[in-house]
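Peer 1: quick one, structure for this:
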Amino acid sequence: MPHDVSLIALIAAGFGLALVLGLIASRLHVPPLVGYLLAGIAIGPGTPGFVGDLALAGQLAEIGVMLLMFGVGLHFSLGDLMAVRKIAVPGAIVQIAAATALGAGTALWWGWPMGEAVLFGLALSVASTVVLLRALEAKGLLDSTNGRIAVGWLVVEDLAMVMVLVLLPALAPLLGGGDAPPSGGDFKALALTIGLTLAKVAAFITLMLVVGGRAFPRVLWLVARTGSRELFTLCVITAAVGVAYASAVLFDVSFALGAFFAGMMMRESEFSHRAAEDSLPLRDAFSVLFFVSVGMLFDPQVLLDEPLKVLAVVVIILVGKTVAAVGLVLAFRYPLNTALTVGASLAQIGEFSFILAGLGLSLGLLSIEGQNLILAGALISIALNSLLFAAIGPAQTWARARSAWARKLDLRDDPLAALPMSTDRKLLSDQVVLVGHGRVGKHIADTLDRSRIHYVVADSNREVVEALRKRGKAAVTGDASDPIVLVQAHITKAAMLVVTIPDPVASRKMVDIARKLNPGIEAVLRAETEDGAALLRKEKIGAVFVAEQELAASMARHVAGRLIGSQ
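Peer 2: This next block holds a predicted model:
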């Protein structure tokens, strides 16, 4: 053919192999993303045969990251982000420091220079956006308290890595890269660079919150008025990719962070749910290309040349980061389930690690061996991450069955784990136990308040429980699938259990526990999809409501009431 078709060849080969190997992986009861990674290895320069264009693959993967983070922003409000700030900010900072220390210490033990060791440790400290979100979505945890904490933690990590990427060229001479160590004037320039970076990030966030929060919903509404599905989808994709690109060019923040804030601002629109649905096929397609691009970067020869070093890197990522994150979450008095979920979420590395490795290589701070070890750690940790998520439930059950310490983790001297002694006893009889105080839970609580029906909220988010108690509401913190939490909510004397989290497995477990403690209790459950609702209804464990269907039913009742009233 007379023209270059490298992009078409890459997409055709990448998607085709990803489909075949993903299907085989699924048949072997292995996550399909392992197949996508293997597809990338097959068309990468480390294996014989067709070799795809690495530069094009990287750009296509960046588009996938933008669309995925935009979709997360559409489901993640500023309130959600602020609600987890007390754990996400210090947790992310301490976890980055701990993982960096582990990686740098190991590299120094190998005899690497200090600058290379520090950069190596930083590359092992930051988790992959795409892998985290895919794992949370697969488990239905993205809208849960655990999911919000993990996403908030990741946003803080992204902000920290943006700072590192901007400052690294200026710090390179000090760390051993470049030609000469910095002089006094260079230190002044470094201080100016730090101040300018902070100012740019602050300006970006302010602009998005003040202007974007008003402009994006308005633009989406104007486009929706045209009635054109094509224009609406185009508007959504333009917002995701355009804002991400502009934020990177003008404010030096990452594509992922720019797209996330764009989605979070567009969430204020009444059409946000439709925007999420329209962008879903593209998000899924480009996220597959992300995993393919990771596989293309990997050189299998490193497994033969440096097997012990690869093993050390994998242990740091899977064990070191997980233990650090779990310990931090437990130190903040969150339940064991939350700690394990956040720990598993961060036990992998991805796109920021690749960017750091590439920049370090260009600045003379990182060797080819270091880059290959980072890529090997990323590939193996991504492939094993879904297995860690699958092991959360069994690990929690095993720990609680065999360890008195594990059983007491939720019973520490935590003032939020039990209701205050001053709680009026009249409010703890025939009450509603409301599990979850998110978007749905808040609406139910408001309705109960208007109807003067007393209730006790059980929520895993400590900040939510603290806010409720300041308003004089009865609330306890913890995972309601743990009998202790329901006992603290006085389930034995409750009239009704209302579960607002869209997890059919957890909902079923909560109802089972509640009925063992209170056989006559009535249960009302929420389901995210009709399939999930069908599973719960089949077991006849309580009334089940699907959010979209109930909204449609409420609208229909309103229309019918208005028409009947006018006749």
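Peer 1: so how far is stretch 86-93 off the chain centroid?
Peer 2: Centroid separation for stretch 86-93 versus its chain: 14 Å, with C-alpha atoms, centre = their mean, to the nearest Å.
Peer 1: CA atoms only: put that stretch into PDB for me.
Peer 2: This file holds the C-alpha atoms of stretch 86-93, laid out as PDB (Å, rounded to 0.1, in the frame of the first residue of the first chain):
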ATOM      1  CA  LYS A  86      -8.200  12.500  56.300                       C
ATOM      2  CA  ILE A  87      -6.900   9.000  55.300                       C
ATOM      3  CA  ALA A  88      -6.100   9.500  51.600                       C
ATOM      4  CA  VAL A  89      -3.700  12.400  52.000                       C
ATOM      5  CA  PRO A  90      -1.500  11.100  54.900                       C
ATOM      6  CA  GLY A  91      -1.900   7.500  53.800                       C
ATOM      7  CA  ALA A  92      -0.700   8.100  50.200                       C
ATOM      8  CA  ILE A  93       2.300  10.300  51.400                       C
END
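Peer 1: tell me which residues in the longest helix along the chain are buried?
Peer 2: Longest helix in the chain by number of residues (criterion: DSSP state H): helix 145-175. Of all the residues in helix 145-175, those buried under the rule 16 or more other C-beta atoms under 10 Å are 145-166, 168, 170-173, 175. Bear in mind the C-beta positions are built from the backbone N, C-alpha and C, glycine included.
Peer 1: doesn't G258 make contact with A246?
Peer 2: Yes - at 7.2 Å, A246 counts as touching G258 under the criterion of C-beta atoms under 8 Å.
Peer 1: now name the helix or strand holding L365.
Peer 2: Assessed by DSSP states H and E, L365 sits outside every helix and strand.
Peer 1: give the contact list for V456.
Peer 2: Going by C-beta atoms under 8 Å, 6 or more residues apart in numbering, V456 touches 419, 427-428, 431-434, 474-476, 489-490, 494.
Peer 1: buried only: go through those residues for me.
Peer 2: Among the contacts of V456, those classed as buried by 16+ other C-beta under 10 Å are 419, 428, 431-434, 474-476, 489-490, 494.
Peer 1: of these, closest to V241?
Peer 2: L434 (40.0 Å; C-beta to C-beta).
Peer 1: now the stretch 51-200 of the chain, which segments are flagged as low pLDDT?
Peer 2: 75-78, 80, 140, 142-143, 170, 177-187, 190 (pLDDT under 70).
Peer 1: which residues of it fall in strands?
Peer 2: Assigned by DSSP state E, counting those that start in this stretch, the stretch 51-200 of the chain shows no strands.
Peer 1: domains in this structure, as residue ranges please.
Peer 2: The record's domain parsing of the chain by automatic domain parsing lists 6-176+195-401, 425-566.
Peer 1: check contacts around F290.
Peer 2: So F290 contacts 61, 64-65, 130, 351 (C-beta under 8 Å, 6+ apart).
Peer 1: could you rerun that using 6 Å?
Peer 2: By C-beta atoms under 6 Å, 6 or more residues apart in numbering, the residues touching F290 are 61, 64, 130.
Peer 1: the residue nearest to the last one when sequence neighbours are not counted and N385, how far apart?
Peer 2: Which is V130. Distances taken as C-beta to C-beta, 6 or more residues apart in numbering place F290 nearest to V130, at 5.0 Å, with adjacent residues excluded. From F290 across to N385, the span is 14 Å (C-beta to C-beta, to the nearest Å).
Peer 1: the residue nearest to V130 looks like it's in a strand, true?
Peer 2: No - secondary structure of F290 (DSSP: H, G, I helix; E, B strand; the rest coil): helix, not part of a strand.
Peer 1: okay, L536: pLDDT?
Peer 2: Note on L536: pLDDT of 73.
Peer 1: circling back: comparing A246 and G258, which residue is more hemmed in?
Peer 2: Using other C-beta atoms under 10 Å as the criterion, A246 and G258 rank with G258 on top: 28 against 13.
Peer 1: so the more buried one sits right up against V243, yeah?
Peer 2: Yes - applying C-beta atoms under 6 Å as the test, G258 and V243 come out as touching, 5.4 Å apart.
Peer 1: now render the domains of the chain as JSON lines, adding distance to K188.
Peer 2: Listed next are the domains of the chain as JSON lines, based on distance: least, C-beta to C-beta, whole Å:
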{"stretch": "domain 6-176+195-401", "distance to K188": "11"}
{"stretch": "domain 425-566", "distance to K188": "40"}
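Peer 1: nearest to A189, of these?
Peer 2: Of those, nearest to A189 by C-beta to C-beta is domain 6-176+195-401, at 6.7 Å.
Peer 1: now do the contacts for the residue sitting nearest the centre point of the chain.
Peer 2: Closest residue to the average C-alpha location of the chain: V151 at 3.4 Å, with C-alpha atoms, centre = their mean. If a contact means C-beta under 6 Å, 6+ apart, then V151 has no contacts.
Peer 1: please name the nearest non-neighbouring residue to A98.
Peer 2: Using C-beta to C-beta, 6+ apart, the nearest residue to A98 is A324, at 4.1 Å.
Peer 1: local confidence estimate at the residue lying closest to T47 once chain neighbours are set aside?
Peer 2: Nearest non-adjacent residue to T47, counting by C-beta to C-beta, 6+ apart: I41, 6.0 Å away. I41 is assigned 87 on the pLDDT scale.
Peer 1: quick one: the strands in this protein?
Peer 2: 432-435, 455-459, 474-477, 496-499, 522-527, 543-546 (DSSP state E).
Peer 1: who touches stretch 274-284?
Peer 2: Applying C-beta under 6 Å, 6+ apart, the contact partners of stretch 274-284 are 67-68, 71, 74, 233, 236.
Peer 1: and these, which two are the farthest apart?
Peer 2: Longest span within the contacts of stretch 274-284, C-beta to C-beta: L68 and T233, 16.4 Å.
Peer 1: more neighbours, the two?
Peer 2: Neighbours were tallied for L68 and for T233 using other C-beta under 10 Å; the higher tally belongs to L68 (28 against 18).
Peer 1: name the nearest residue to S381, sequence neighbours excluded.
Peer 2: Q348 (4.0 Å).
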